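> coordinates only, sequence not included:
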């Protein structure tokens, strides 16, 4: 079974530029999450999708971050304009309903903002 | 006070040692207690979980929850260099599938 795919793995941009990350969840997983993990910290939820609808985006800085999940499969997370403090690893995860709610994570997209 | 607290370490032990990783939390509504393992430059992966209080064993790993003191532990027996990783505790309530992650404890097992 293929895991969660993310791209790009690494991205370096200047502040005020824009960047987009892409995620393809595990086939059949209806729920998709984007997390931000700053160095030395645990993952912080940015947004949760159930199919193509947003369930929770309360911690998404909406003035600069946006996310979409068209057709309930792939998702993109965009940052525009980027700030220095956005330097982090952006993790995508997916899950199925029921059970303990295990999250399956991708390897992440590492963003450096200069 | 953060909802989930973990000592970031690093915790350095010799191969074969018994390791104790700990976590405290403040939300009494947490019912599922997950441990994720994260290798360097990889995403977290679920190691094991317990529901409510008690112990759960899986091979060399034992998870323990004491809800009365809001204390979560993960024990690793006969630790191996391949156990070197960051261990994230991630409890959640029964009504939400979204866990609250601690900052993680970095473990280094040296040969």
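Nice, thanks for sending it over. All values reported here derive from a predicted model rather than from experimental measurement. Numbering: from 1, shown residues only, chains lettered A, B, ... in the order given.

> work out for me the element the residue nearest the centre of chain A sits within.
What sits nearest the mean C-alpha location of chain A, by Cα atoms, centre = their mean, is residue A:34, with 2.9 Å. Secondary structure assigned from DSSP states H and E places residue A:34 in strand A:31-37.

> name the strands paired with that strand and say parallel or antiparallel.
Here strand A:31-37 is paired, per DSSP bridges, with strand A:44-50 (antiparallel), strand A:88-95 (antiparallel).

> show me what that strand is in contact with.
Taking contacts as Cβ atoms under 8 Å, 6 or more residues apart in numbering or on different chains, the residues outside strand A:31-37 that touch it are A:23, A:25, A:43-50, A:55, A:67, A:69, A:75, A:77, A:88-97, A:103, A:105, A:108, B:97-98. The way it works is simple: take the backbone N, C-alpha and C, and place the C-beta from them, glycine included.

> same question, stretch B:95-103
The list of residues contacting stretch B:95-103 from outside it, by Cβ under 8 Å, 6+ apart, reads A:31, A:33, A:40-45, A:48, A:56, A:95, A:97, A:101, A:103, B:3-6, B:8, B:23, B:25, B:27, B:30, B:32, B:34, B:36, B:88-92.

> check stretch B:1-9 too.
Outside of stretch B:1-9, the residues within contact range by Cβ under 8 Å, 6+ apart are A:40, A:42, B:21-27, B:88-91, B:100-107.

> please redo it, this time with the cut-off set to 7 Å
Taking Cβ atoms under 7 Å, 6 or more residues apart in numbering or on different chains as the criterion, the residues outside stretch B:1-9 that touch it are A:40, B:23-27, B:89, B:91, B:100-107.

> equivalent analysis for stretch A:67-84, please.
Under the criterion Cβ under 7 Å, 6+ apart, residues A:13, A:15-24, A:32, A:34, A:47, A:49, A:51-52, A:60, A:64-66, A:86, A:90, A:92, A:113 lie in contact with stretch A:67-84.

> and the end-to-end length of that stretch?
Taking Cα to Cα, to the nearest Å, the first and last residues of stretch A:67-84 lie 20 Å apart.

> now do it, average pLDDT.
Stretch A:67-84 shows a mean pLDDT of 94 in the predicted model.

> for it, buried residues please.
Taking 16 or more other Cβ atoms under 10 Å in any protein chain shown as the basis for neighbour counts, the residues of stretch A:67-84 that come out buried are A:67, A:69, A:75, A:77, A:79, A:82.

> also stretch A:38-52?
Under 16+ other Cβ under 10 Å, the buried positions of stretch A:38-52 are A:42-43, A:45-49.

> what is the nearest of those residues to residue B:80?
Out of the buried residues of stretch A:38-52, the one with the shortest distance to residue B:80 is residue A:42. That distance is 24.0 Å, counting by Cβ to Cβ.

> for the closest one, phi and psi?
Summarising the backbone geometry of residue A:42 under the convention degrees, to the nearest 10, its torsions are phi -80, psi 160.
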